[in-house]
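Participant: What follows is a protein structure lacking sequence information:
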């Protein structure tokens with residue numbers, strides 16, 4: 001039994017960093033196209049880049065072979081070079097003294113990637129890549145939304161520092 005092939009284009013945006021943020025995932029499979037976007041009232045650009053990948057993978061109801069395109073080197077390198085798995089194995093520490101950022105989102109993303117056969121590919125942002133530009137536009141629109149929800153983990157961490 002073969003698994004469906006899916007392509008997910010993603011982008012995250014932030015109005016200031018930190019600031020109001022948005023994310024978008026454009027999911028393509030079997031000729032169908034689904035868009036998911038959302039935002040938070042206070043977050044970071046990196047959190048929105050990870051959230052975009054999570055939201056795309058989270059829409060998939062069965063195991064799929066997925067290629068995720070992102071203009072975030074942070075996201076792509078953390079997944080392709082094994083940084084996120086290493087941070088997880090080290091109790092969410094980057095090294096002996098420095099905690100990894102965004103462990104709540106990395107945990108969710110790693111769990112989804114275990115469910116699917118996911119491959120991450122980097123695309124240069126703002127380089128006329130049609131799907132990336134489209135996701136960028138929707139992520140920025142989401143960041144400008146009214147009554148954005150609270151990124152509870154980020155705001156709780158910010159309050160402690």
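Facilitator: Looks like it came in fine. Note that the structure is predicted; figures quoted are calculated from it, not measured.
Participant: Quick check: which ranges of the chain have low pLDDT?
Facilitator: Scanning the chain with the threshold set as pLDDT under 70 gives 1, 161.
Participant: Please report the distance of the residue nearest the centre of it from residue 31.
Facilitator: Central residue of the chain (CA atoms, centre = their mean): residue 50, 2.3 Å from the mean position. To residue 31, residue 50 is 28 Å away according to CB to CB, to the nearest Å. Using the backbone N, CA and C atoms, a C-beta is placed for each residue, glycine as well.
Participant: for residue 125, same thing?
Facilitator: Residue 125 is 27 Å from residue 31, by CB to CB.
Participant: Tell me which of those two has more neighbours.
Facilitator: residue 125 (15 against 5; other CB atoms under 10 Å).
Participant: That one: what's it in contact with?
Facilitator: 11, 71, 132, 136 (CB atoms under 8 Å, 6 or more residues apart in numbering).
Participant: SS state for the closest residue to residue 35 other than its chain neighbours?
Facilitator: Leaving aside its sequence neighbours, residue 35 sits nearest to residue 26 (CB to CB, 6 or more residues apart in numbering; 5.6 Å). Here residue 26 is recorded as strand under DSSP: H, G, I helix; E, B strand; the rest coil.
Participant: Next: residue 68.
Facilitator: Going by three-state DSSP: residue 68 is strand.
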